[in-house]
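S.K.: What follows is a protein structure lacking sequence information:
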């Protein structure tokens, strides 16, 4: 059976990108590759909405999360971690690994953080050196209010805002320079519609000041080395050549269709999914704060979401993601990022209808697909 | 003009590998991918000649070099670094970044280390916790005598032998278990004939004991996490899915042709290159200790090797590597690893003949190609 990958990372990769990467390899210490590398970094600046150099690492997104901490903080520094899901937890683990102290705001899974909570803590505790957060939490589908949070940090020299934008950058606008974010991270296998293996990270001038004072050891993930080399159109260590060639093709595609149009597409796919499932009685897990990068849908009361995930795979070849940890069995997750389009969204809503009717969920058959299709007409 | 990549990493990638990687992406948290991951780790064990788990990292080879230090040593520990080239120097830099002290054996570029020098130092200085070396130094083409060096460390509990085998593993046998090496590192873009982006690393039981005592901070490159997950056929962070799919194809190919045959091929290509160039008066830079992974050839007296490198590119579309740092302008480097074969080697010797006759070097035209061709008949 034909497979339809609809997971929120890895996401489907367009054929023209796969084929671009299948071309004969080029050596990285050549003018030819330097030009590709330079074009890629210039293209990334547009997506990251910044004038700063966006660094390309040969690593998973977690490599860039590690680098954000190990390149700006020191042992015993204190951070404020917004923990509303699996990737919020990862910030805590990274800090712990580096001996960085943490104050935690535990956010209920499926909810966004209230910026006033952050404001209160930052007012009381002047020792906090960094706020760590996700722009879009992949495990819950929540978008956190980065713009509002940045207002609390951008005018202070003694604190930086570090944003994991792995499931956000390229999916919807995160205005790095304008909002005053200090570190923003992206990953190839998300809205960049590439295979995994590349991470992207950009630092504000304030973050680079923090870098000068950071005493945590680092080598492979040393961002000052990456920065110095990036300005010379190269990387300090052997770059993931084929992935960067593919990235360049993707960035060219973004230029052609326009980022606004891409963001609009994600937004409409998101709304069509949310409303389609609502029409058959399934709630959005991140109601009121949903990220347009993915939809996270609650399984109906009494039905294990795992059965939906398995049913979609078995019956239709559709691969969606289930819930992790405390959300296991409660939710399923569908990407809007990557090489997915209207037909994929209609199909997955129809597929879930097919599975749910077997599992005994009561709903008007076709109501979901009908609602989804109607909204997709806007695209 | 058609390009012929003949650099010692990245190396040419076979079409069947590129096309395998161009297939639709699969999600990494699926049984399908777990099976691919498991097959890859089993295949790697054969190439690394070990029963231990070979870990796959989404990073350049340097990431694994970093991990080797940061996962086994502690601040203030002392290591013995064998520095006979650019990658020997990298060991010094990594140690410095982590606050690890170093004793250095400076080896003349183009020469192999004398194991008795190591023996003397290890006898005198009982505080040394690790010996750091390259099996094959890419910047000089030298193979260091790992088997002999392992004899000095394998029966001692208080010292480990860490071998950068990035340009060695898969090129010629490095017998990890049998010789008693403690850490061995490989990289995808070398003898594994893949694009860059994956590093491989294996630890002996003794090295895992060191890991327990190591207090250097790490997260993304935490090998105990990678190990724990590898036993469950997965990786702790999103793996570089397409590269691992490609790796699996390469390991299947290795199985088909046989590793002995692969090693023999490298060896004959190496000899054919060395003797071909000797026949026109060009010396092997690593005479008497040459690695079969690549040939490093000295430019004739008075002729800048950079002109040979540039000439090959311009006149024939051949990409070979020049010398780095102190060897700049003195040598050029040709891969025997990867998807290169007899015709590539004949062509590059002929190409260098073509360039050298223009540059005024005196030799019997055709003598190099003739000698090279004769030796290649053995393959």
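M.R.: Received the coordinates, thanks. No experiment lies behind these values; they were computed from the predicted model shown.
S.K.: Would you mind listing the outside residues contacting the helix or strand hosting residue A:94?
M.R.: Residue A:94 belongs to helix A:86-97 when assigned by DSSP states H and E. With Cβ atoms under 8 Å, 6 or more residues apart in numbering or on different chains as the test, helix A:86-97 has contacts from A:62, A:65-66, A:69, A:79, A:81-83, A:100-102, A:104, A:107, A:132-134, A:137-139, A:164, A:166, A:324-325, B:217-219, B:222. All C-beta atoms are positioned from the backbone trio N, CA, C, and that covers glycine.
S.K.: Off-centre distance for it?
M.R.: Between the centre of helix A:86-97 and the centre of its chain there are 16 Å (Cα atoms, centre = their mean, to the nearest Å).
S.K.: buried ones in it?
M.R.: A:86, A:87, A:88, A:89, A:90, A:91, A:92, A:93, A:94, A:95, A:97 (16 or more other Cβ atoms under 10 Å in any protein chain shown).
S.K.: same check, this time on stretch A:361-379
M.R.: Buried, per 16+ other Cβ under 10 Å, within stretch A:361-379: A:361, A:367, A:368, A:369, A:371, A:372, A:373, A:375, A:376.
S.K.: now these in CSV, with secondary structure, distance to chain B and pLDDT?
M.R.: Formatted as CSV, the buried residues of stretch A:361-379 follow (DSSP: H, G, I helix; E, B strand; the rest coil; distance: Cβ to the nearest Cβ, whole Å; pLDDT from 0 to 100):
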residue, secondary structure, distance to chain B, pLDDT
A:361, coil, 25, 96
A:367, helix, 29, 98
A:368, helix, 24, 98
A:369, helix, 24, 98
A:371, helix, 27, 98
A:372, helix, 23, 98
A:373, helix, 25, 98
A:375, helix, 26, 98
A:376, helix, 23, 98
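S.K.: can you map out the strands along chain A?
M.R.: Assigned by DSSP state E, chain A shows strands spanning A:4-5, A:54-57, A:78-83, A:101-106, A:128-134, A:136-137, A:142-143, A:160-164, A:183-187, A:199-203, A:294-298, A:318-319, A:321-322, A:331-335.
S.K.: Pick the most buried one from those strands.
M.R.: Of the strands of chain A, the one with the most neighbours on average (mean count of other Cβ atoms under 10 Å in any protein chain shown) is strand A:136-137, at a mean of 32.
S.K.: what is the mean pLDDT for that strand?
M.R.: Across strand A:136-137, the average pLDDT comes to 98.
S.K.: And for stretch A:30-40?
M.R.: 97.
S.K.: Could you list the residues in contact with that stretch?
M.R.: A:26-28, A:56, A:233-235, A:239, A:241, A:244-245, A:247-248, A:251, B:319.
S.K.: which among these gets closest to residue A:6?
M.R.: residue A:247 (22.2 Å; Cβ to Cβ).
S.K.: What is the burial count for that closest one?
M.R.: 28 (other Cβ atoms under 10 Å in any protein chain shown).
S.K.: contacting residues around it?
M.R.: A:40, A:43, A:56, A:188, A:192, A:194, A:198.
S.K.: just to revisit the earlier point, can you tell me which of the strands of chain A is nearest to residue B:119?
M.R.: Nearest of the strands of chain A to residue B:119, taken as Cβ to Cβ: strand A:54-57 at 39.9 Å.
S.K.: starting at the chain centroid, how far to the closest one?
M.R.: 15 Å.
S.K.: In the sheet, which strands lie alongside it, parallel or antiparallel?
M.R.: strand A:199-203 (antiparallel) (DSSP bridges).
S.K.: could you dump the buried residues of helix A:86-97 to a markdown table with pLDDT?
M.R.: Listed next are the buried residues of helix A:86-97 as a markdown table, based on pLDDT from 0 to 100:
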| residue | pLDDT |
| --- | --- |
| A:86 | 97 |
| A:87 | 98 |
| A:88 | 98 |
| A:89 | 98 |
| A:90 | 98 |
| A:91 | 98 |
| A:92 | 98 |
| A:93 | 98 |
| A:94 | 98 |
| A:95 | 98 |
| A:97 | 98 |
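S.K.: Farthest pair within those?
M.R.: Applying Cβ to Cβ across these, the maximum distance is between A:86 and A:97, 16.5 Å.
S.K.: and chain A, what are its domains?
M.R.: A:15-255, A:258-376 (automatic domain parsing).
S.K.: Please work out which of these is packed deepest.
M.R.: domain A:15-255 (a mean of 21).
S.K.: how far does it sit from the chain's center?
M.R.: Counting by Cα atoms, centre = their mean, domain A:15-255 comes out at 10 Å from the chain centroid.
S.K.: Start and end of it, how far apart?
M.R.: The straight-line separation of the ends of domain A:15-255 (Cα to Cα, to the nearest Å) is 18 Å.
S.K.: How about stretch A:72-89?
M.R.: 19 Å.
S.K.: what's the angle between the helix holding residue A:94 and strand A:78-83?
M.R.: Comparing the axes of helix A:86-97 and strand A:78-83 via axes from the mean of the first three to the mean of the last three Cα atoms, to 10 degrees yields an angle of 160 degrees.
S.K.: angle of helix A:86-97 against strand A:128-134?
M.R.: Going by the same axes, to 10 degrees, helix A:86-97 makes 150 degrees with strand A:128-134.
S.K.: For the stretch 201-350 of chain A, what lies in contact range of chain B?
M.R.: Within the stretch 201-350 of chain A, the positions lying close to chain B (Cβ under 8 Å from any Cβ of the partner chain) are A:216-222, A:236-243, A:319, A:321.
S.K.: In contact with the spatially most central residue of chain A, which residues?
M.R.: Closest to where the C-alpha atoms of chain A average out (Cα atoms, centre = their mean) is residue A:167, at 1.0 Å. With contact taken as Cβ under 8 Å, 6+ apart, residue A:167 is in contact with A:8-9, A:134-138, A:187, A:190-191, A:291, A:293-294, A:337.
S.K.: before we move on, what about residue A:125?
M.R.: A:78, A:80, A:103 are the contacts of residue A:125 under Cβ under 8 Å, 6+ apart.
S.K.: Of all residues in the stretch 251-379 of chain A, which one is closest to chain B?
M.R.: residue A:319 (5.3 Å; Cβ to the nearest Cβ).
S.K.: which residues pair with that residue across the strands?
M.R.: residue A:5.
S.K.: quick one: it and residue A:351, what's the gap?
M.R.: For residue A:319, the distance to residue A:351 equals 11 Å [Cβ to Cβ, to the nearest Å].
S.K.: Check residue A:80 too.
M.R.: Applying Cβ to Cβ, the value for residue A:80 to residue A:351 is 41 Å.
S.K.: would TSV of the domains of chain A with distance to residue B:113 be doable?
M.R.: Listed next are the domains of chain A as TSV, based on distance: least, Cβ to Cβ, whole Å:
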stretch	distance to residue B:113
domain A:15-255	23
domain A:258-376	49
